[in-house]
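Asks: My questions concern the predicted model and sequence given below.
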Amino acid sequence: MDGKRQLGEFLRTRRARLRPEDVGLVSYGDRRRVPGLRREELALLAGVSASYYSRLERGHSLNASLEVLDAIARALDLNAAERRHLHDLAAAPRRPAADRRPPPERVTTAIRQMVSALADVPVIVLGRRGDVLAWNRTGHALYAGHLDCGAPERPAERPNMPRLVFCDAHTRELYADWPHKARDVVGHLRLAAGRHPDDPALASLIGELTMRSPEFAGMWSDHKVGVCDVGVYDMRHPLVGAMTVTQQTLHTEQGQRVVVATAEPGSASRHALVLLSRAVTAVDDSPDAEDDRLTRR
């Protein structure tokens, strides 16, 4: 992915969403060739020269200071996630090549122990690209019971959450408000692209989704970013029915996301999650499951 091009496109889309009257400028009713603020208007608000801002937006300036980036962020009225994304995009070309290479993704023993300990609660561990690095039995049953439970242990076969959301019929049907979930996924993926512009597998995933899903292509072109650490989704599970689930995200030191699904205590949704956990336990305790475990040994 071209970091300089990403920076320019991000600045242009954020500038296009602002109108002069939104930021206290007088337009005098003049006809505008482009939506939103002009470059020189944004430069004025940020306190930089129009030529300097133009170079930055075109990817010709790689030396923007933190103060200048913060001034531009204030002028564009960026939220915290967008501000961080701006800094990531501006810093990417200056990083040493060795620092830009993403390391292999592995789940630590401590995280695996936590996922296993929360056996009755759906838990999945996602990598920087949204690959499922680990899940417990209940997490597998909630999100992807139609897939092989052991797939995350085989790197070449790991399910990928963005790919499931946009290209898998089961996952699309799982979310009653699918566009809500899809936008959250794209927002996370945008942040990852800013942090890891030299990750070829991430670039390949984005290219694949752009080709396979017009909806993804449209959402991706908006350049919207966001951190959804707490998301509430209405789900339609094929085994236990409708429920409202809160997906809470914990961040590890390795940059992975541990997603824990809960429901309101005493609610029908909570009852549905309990039923799902019991169904998984019943399957694991069945004679066929025990025979399968002995065969694998």
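Replies: Happy to help now that I have it.

Asks: C-alpha from now on. contacts and neighbour counts both.
Replies: OK.

Asks: Tell me how far the spatially most central residue of the chain lies from residue 227.
Replies: Note on the chain: the residue nearest the mean C-alpha position is residue 188, at 1.9 Å, using CA atoms, centre = their mean. If you measure residue 188 against residue 227 using CA to CA, to the nearest Å, the figure is 6 Å.

Asks: next one: residue 190
Replies: Looking at residue 190 against residue 227, where the rule is CA to CA, the gap reads 10 Å.

Asks: So for those two, which residue has more residues nearby?
Replies: residue 190 (21 against 17; other CA atoms under 10 Å).

Asks: So for the more buried one, what pLDDT did the model give?
Replies: On pLDDT, residue 190 comes in at 92.

Asks: does it sit in a helix or strand, and which one?
Replies: Here residue 190 sits within helix 178-195, counting by DSSP states H and E.

Asks: Buried residues of that helix, list them for me.
Replies: Judged by neighbour count (16 or more other CA atoms under 10 Å), helix 178-195 contains these buried residues: 178, 181-195.

Asks: from the middle of its chain, how far away would that helix be?
Replies: Remark: helix 178-195 is offset 4 Å from the chain centroid, using CA atoms, centre = their mean, to the nearest Å.

Asks: which outside residues touch it?
Replies: 1, 3, 6, 85, 88-89, 92, 128-130, 162, 165-166, 172, 175, 202-203, 216, 219-220, 223-228, 233 (CA atoms under 8 Å, 6 or more residues apart in numbering).

Asks: what's the following helix or strand after that helix?
Replies: Proceeding C-terminally, helix 178-195 gives way to helix 200-212 as the next helix or strand, assigned by DSSP H and E.

Asks: So which elements touch that next one?
Replies: Contacts defined by 3 or more CA pairs under 8 Å, 6 or more residues apart in numbering; DSSP states H and E place helix 200-212 against helix 161-167, helix 214-221.

Asks: right, so those: which one is the most enclosed?
Replies: helix 161-167 (a mean of 20; mean count of other CA atoms under 10 Å).

Asks: Outside of that helix itself, list whatever touches it.
Replies: Residues from elsewhere that reach helix 161-167 (CA under 8 Å, 6+ apart): 130-132, 171-172, 181-182, 185-186, 209, 212-213, 215-216.

Asks: same question, stretch 267-282
Replies: Contacts with stretch 267-282, where a contact means CA under 8 Å, 6+ apart, come from 120-121, 137-138, 141-142, 239-245, 262-264.

Asks: what mean pLDDT would you report for that stretch?
Replies: Stretch 267-282 comes out with an average pLDDT of 92.

Asks: low-confidence ranges in this protein?
Replies: Within the chain, the segments meeting pLDDT under 70 span 1-3, 24-34, 61-62, 92-102, 283-297.

Asks: and the longest strand for it?
Replies: strand 241-251 (DSSP state E).

Asks: Can you dump the C-alpha atoms of it in PDB for me?
Replies: As requested, C-alpha coordinates have been extracted for strand 241-251 and formatted as PDB (Å, rounded to 0.1, in the frame of the first residue of the first chain):
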ATOM      1  CA  GLY A 241     -32.200 -17.600  17.700                       C
ATOM      2  CA  ALA A 242     -32.200 -13.800  18.100                       C
ATOM      3  CA  MET A 243     -30.200 -12.100  20.700                       C
ATOM      4  CA  THR A 244     -28.500  -8.700  21.400                       C
ATOM      5  CA  VAL A 245     -24.800  -9.200  22.100                       C
ATOM      6  CA  THR A 246     -22.200  -6.700  23.400                       C
ATOM      7  CA  GLN A 247     -18.800  -7.400  21.900                       C
ATOM      8  CA  GLN A 248     -16.100  -5.900  24.100                       C
ATOM      9  CA  THR A 249     -12.500  -5.700  22.800                       C
ATOM     10  CA  LEU A 250      -9.300  -6.000  24.900                       C
ATOM     11  CA  HIS A 251      -6.000  -5.100  23.400                       C
END
